[in-house]
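# Build me a model from this:
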Amino acid sequence: WSFGDGTISNTPSTSHTYAANGNFEVCLVIRTEHGCETKICKQLLVEGNLAAPLQLSPNPVHTVLNVLFHATTKEMVNISLYNSNGTLVRSYSKNVIPGNNSWNFDVAALTAGMYSVVLQTSVQTTSALFFKQ
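Prediction:
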């Protein structure tokens, strides 16, 4: 296997993660024990989301925190809000679909300070900070 980004693999079954977006030529060379060789190449376009997977607004916030999350799979996400001492102050579970998902959370009752939002799925974990005024 040649993945077009300078990475190769000699194992029959493999996987590869690209470090950047772009066009890559992926090639598989098959060699038999009798010396026959076949090379199969395909073009691969790797597109990525340049935006952060978790975006919070407004920041700082007074009453309603807008959360935008870019999910890679359809599944349940656990959302946790922690204060600056690391104490869990709120938790939610939401179903997400691949792509952008958005929610609004009422944070009016939280005391002023810094908080973190942590989102976890089976394949993604991401976090961001916000300030409550």
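
# burial count for the residue nearest to residue 43 when sequence neighbours are not counted?
Take residue 43 and drop its neighbours on the chain: the residue closest to it by CB to CB, 6 or more residues apart in numbering is residue 25, 5.9 Å away. Any C-beta I mention is one placed from the backbone N, CA and C, and that applies to glycine too. Neighbour count of residue 25, defined by other CB atoms under 10 Å: 12.

# tally of neighbours for residue 64?
Neighbour tally, residue 64, other CB under 10 Å: 12.

# Please tell me I have it right and it contacts residue 102.
No. If you go by CB atoms under 8 Å, residue 64 and residue 102 don't touch, sitting 12.0 Å apart.

# Assign residue 110 to helix, strand or coil.
When classified by DSSP: H, G, I helix; E, B strand; the rest coil, residue 110 comes out as coil.

# How about residue 79?
strand.

# Give the bridge partners for it, please.
Beta-bridge pairing for residue 79 (DSSP bridges): residue 92, residue 119.

# coming back round to it: could you list the buried residues of the helix or strand hosting the residue nearest to residue 43?
Following DSSP states H and E, one finds residue 25 within strand 22-31. By neighbour count on 16 or more other CB atoms under 10 Å, the buried set for strand 22-31 is residue 24.

# in stretch 60-76, what counts as buried?
61, 65, 67, 69-71.

# and the end-to-end length of that stretch?
Taking CA to CA, to the nearest Å, stretch 60-76 runs 28 Å from one end to the other.
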